[in-house]
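Undergrad: Give me a model of this one.
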Amino acid sequence: MMFSRRGIAKPGALSAAAVGLLGIFIATAVTVMDWALDEPSRHIERTQAEDLLSRAAVLAQAGNSTGLCQTVAATSATCRSLLDYTESKGWEAGADPPRVVDTRRYPKTSHTSETLVLRVAGVRADGSHYESDFPVIRTPEGEIRSTAPVYWSGVVFDESQIECNQADGDACAQDIISPP
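TA: Down below sits the predicted model:
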């Protein structure tokens, strides 16, 4: 800011300084907003995935396939297909909820969103044992959902579906998260 000998701002000098400060303020605000909206704030926590699995178990044990497909599944069509498959095998969810035996995180790539996969094990209603994957994503609307909510199906997450291209800067490594 320019001042005259008397300490009073010269006409026009104040407005140029104000415009400069306003520009800095806007740039800072945009940077902070970008930081606040960046992927780390959308990171899927293990507790969130386990809460979703618990909700799936309650709905499945109650025989509420509609609720399972509407409130746990990322897509109703995939959920319905998995239910049709398990029904064709005569498999139903067991009385006890599944237990988490392993957890893997697949980072976001240029083609996919972050996926947290809970490997679960348990016993179906007919007494047969299963080990399945319960992949969890965050939808564009911000909801935590599973791409394979029928946890007793025996379906295992296919890592080959995760495309990563290090040349594009994708993170291709996976973190293994041990159960507590």
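
Undergrad: For the rest of this, base every contact and every neighbour count on C-alpha atoms.
TA: OK.

Undergrad: tell me the secondary structure for Ala57?
TA: Here Ala57 is recorded as helix under DSSP: H, G, I helix; E, B strand; the rest coil.

Undergrad: Tell me which helix or strand the nearest residue to it once chain neighbours are set aside sits in.
TA: Once flanking residues are discounted, Ala57 sits nearest to Pro97: 5.6 Å by CA to CA, 6 or more residues apart in numbering. Pro97 is part of no helix or strand when elements are defined by DSSP states H and E.

Undergrad: Pro97 - how many residues pack around it?
TA: 22 (other CA atoms under 10 Å).

Undergrad: what's the answer for Ser81, then?
TA: The burial count for Ser81: 13, using other CA under 10 Å.

Undergrad: Now it. Its backbone dihedrals?
TA: The phi and psi values for Ser81, taken as degrees, to the nearest 10, are phi -60, psi -40.

Undergrad: ok, so what distance separates the residue nearest to Ala57 from Pro107?
TA: Noted for Pro97: a distance of 27 Å to Pro107, by CA to CA, to the nearest Å.

Undergrad: Can you pull the poorly scored residue ranges out of the chain?
TA: 1-41, 158-180 (pLDDT under 70).

Undergrad: what do you get if the cut-off is 50, keeping everything else the same?
TA: 1-4, 7, 9, 13-40, 162, 164-180 (pLDDT under 50).

Undergrad: Can you say which helix or strand has Trp152 in it?
TA: Applying DSSP H and E, one finds Trp152 in no helix or strand.

Undergrad: Find the nearest non-adjacent residue to Cys69, please.
TA: Taking CA to CA, 6+ apart as the measure, Cys69 lies nearest to Ser76, with 5.0 Å between them; neighbours along the chain are not counted.

Undergrad: ok so, going back, hmm, Arg55 and the residue nearest to Ala57 touching each other?
TA: No. Counting by CA atoms under 8 Å, Pro97 sits too far from Arg55 to count as a contact (9.9 Å).

Undergrad: hey, what's in contact with both of these two?
TA: Both Pro97 and Arg55 lack any common contact, where contact means CA atoms under 8 Å, 6 or more residues apart in numbering.

Undergrad: quick one: the strands in this structure?
TA: 99-106, 115-123, 129-138, 144-146, 175-177 (DSSP state E).

Undergrad: List the strands paired with the second one, with their directions.
TA: Think strand 115-123. strand 99-106 (antiparallel), strand 129-138 (antiparallel) (DSSP bridges).

Undergrad: Of all those strands, which one is nearest Ala148?
TA: strand 129-138 (5.7 Å; CA to CA).

Undergrad: export the closest one as CSV, just CAs?
TA: Once non-C-alpha atoms are left out, strand 129-138 reads as follows in CSV (Å, rounded to 0.1, in the frame of the first residue of the first chain):
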residue,chain,number,x,y,z
HIS,A,129,-18.5,-73.2,6.0
TYR,A,130,-17.8,-70.2,3.9
GLU,A,131,-15.0,-67.7,3.3
SER,A,132,-16.0,-64.7,1.3
ASP,A,133,-15.0,-61.2,0.5
PHE,A,134,-17.1,-58.2,1.5
PRO,A,135,-15.8,-55.3,-0.7
VAL,A,136,-16.8,-51.9,0.5
ILE,A,137,-16.7,-48.6,-1.5
ARG,A,138,-17.9,-45.1,-1.1
